[in-house]
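*Asks:* Any chance you can model this:
(one chain, ligands or ions: 1)
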Amino acid sequence: MAYSELAGSTYGKDNVKFLKVKKDKQNPKKQDVMEATVMVLLKGDFDVSYTKADNAPIVPTDTVKNTILLFAKQYDTWPTEKFAAKLALHFTSKYDHVSGVTIKIYEDRWVKYDVDGKPSLHSFVHQGPEKKVTFLDYDKKHGPSKYFLSSTIKDLTVLKSTNSMFYGYNKCEYTTLKPVTDRILSTDIFACWEWNCSKLGCLISISEGKKDEIFNSVYTKARDITLDIFAKENSPSVQATMFNMATEILKVAPAVNYVTYELPNKHYFLFDFKWFKGLENDNELFYPSPHPNGLIKCKVGRNSSKL
Ligand SMILES: O=c1[nH]c(=O)c2[nH]c(=O)[nH]c2[nH]1
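*Replies:* Okay, here's the model as predicted:
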């Protein structure tokens, strides 16, 4: 009797990168670009490749990579949710023994800049570490109407120099933190919205581009809401602010089930200059403290008693 058994497996290609150029039909010099990093992992009947050294069922990861790049060349990749659906349907229909896929696409932000007061036709500024991330998990036994799909804004770094407070918290003999009504607030935004597949529709219609508008508009709204509330609110805490952001996204996106925020609280500490002739520091000079950082997460859904 064998000593061990395979309890789970998945494999594929990660970090498949491409830059896609989309040319306007009327004016080919008017272009858009997408720089993306794709992961496709296959699930299915690959057990013998692990347990019997039998490679027969293996679709090589090199083939997975070739497919991603060929599809990026031949089909529209905007928005990445549609491209993920296209890839998922391909891998699960081409190979009988592929039962499902997990796909992640990271999209860089290349944004056109103004030249002579107008957006350039084909020149872009890279927006730093910020990415849009699409995640799709699909098992074909559930059919194309059931899948897990989420979209995320990741590593959008923001800071506000006032209009943030933190007081009224629990105090015990281990507490040294002083309450503040004015502090720096800075974070790397991770905001993720999970789609409700019964409201959004099946993967086939997504792959055909029928939902492009909703993906684009919710992404723009979620980003705007996040930045707007961050700027406008006199924040009582990271917790309260992120809950407000998530609630506003749920209000404008009926096809979204849950919104998750994960926010590091990147601390900036006030220098004490009292040692120099009693000099006051009225929130003017801080030092960034790289670690430790607070880390605050929440997942927000609709109140079912109010539906
Ligand atoms: O917004 C905050 N939430 C906390 O939970 C916390 N804890 C802390 O020390 N500072 C802060 N700030």
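
*Asks:* what's the neighbour count on the nearest residue to P254 once chain neighbours are set aside?
*Replies:* Leaving aside its chain neighbours, P254 sits nearest to K199 (6.5 Å; criterion: CB to CB, 6 or more residues apart in numbering). C-beta coordinates here come from the backbone N, C-alpha and C atoms, glycine included. When neighbours are counted by other CB atoms under 10 Å, K199 registers 12.

*Asks:* Then Q239?
*Replies:* 17.

*Asks:* Now do the contacts for it.
*Replies:* Going by CB atoms under 8 Å, 6 or more residues apart in numbering, Q239 touches 296, 298.

*Asks:* change it to 6 Å
*Replies:* By CB atoms under 6 Å, 6 or more residues apart in numbering, the residues touching Q239 are I296.

*Asks:* Please tell me how far it sits from the ligand.
*Replies:* For Q239, the distance to the ligand (CB to the nearest ligand atom, to the nearest Å) stands at 6 Å.

*Asks:* Please apply the same query to L177.
*Replies:* Distance of L177 to the ligand, computed by CB to the nearest ligand atom: 5 Å.

*Asks:* remind me, longest strand of the chain?
*Replies:* strand 118-139 (DSSP state E).

*Asks:* Surely the residue nearest to P254 touches N257?
*Replies:* No. Contact criterion CB atoms under 6 Å: K199 and N257 do not qualify, at 8.3 Å.

*Asks:* Surely R223 is in a helix?
*Replies:* Yes. Under DSSP: H, G, I helix; E, B strand; the rest coil, R223 sits within a helix.

*Asks:* Which residue is the nearest non-sequential neighbour of it?
*Replies:* I153 (5.8 Å).

*Asks:* Identify the bridge partners of that neighbour.
*Replies:* K132, A191 (DSSP bridges).

*Asks:* any idea how far it lies from T102?
*Replies:* I153 is 20 Å from T102, where distance means CB to CB, to the nearest Å.

*Asks:* Equivalent analysis for L41, please.
*Replies:* Counting by CB to CB, the gap from L41 to T102 is 4 Å.

*Asks:* from the middle of its chain, how far away would the strand or helix carrying F71 be?
*Replies:* According to DSSP states H and E, F71 maps onto helix 61-74. Chain-centre distance of helix 61-74: 23 Å, with CA atoms, centre = their mean, to the nearest Å.

*Asks:* for stretch 28-41, same thing?
*Replies:* 16 Å.

*Asks:* can you list contacts of the helix holding F71?
*Replies:* Helix 61-74 has contacts (CB under 6 Å, 6+ apart) with 12-13, 16, 18, 20, 38, 40.

*Asks:* repeat that for 8 Å
*Replies:* 11-13, 16, 18, 20, 36, 38, 40, 42, 83, 86-87, 90-91.

*Asks:* for V38, helix, strand, or coil?
*Replies:* Here V38 is recorded as strand under three-state DSSP.

*Asks:* Okay, helices next: where are they in the stretch 1-150 of the chain?
*Replies:* Along the stretch 1-150 of the chain, counting by DSSP state H, counting those that start in this stretch, helices occupy 47-51, 61-74, 80-94.
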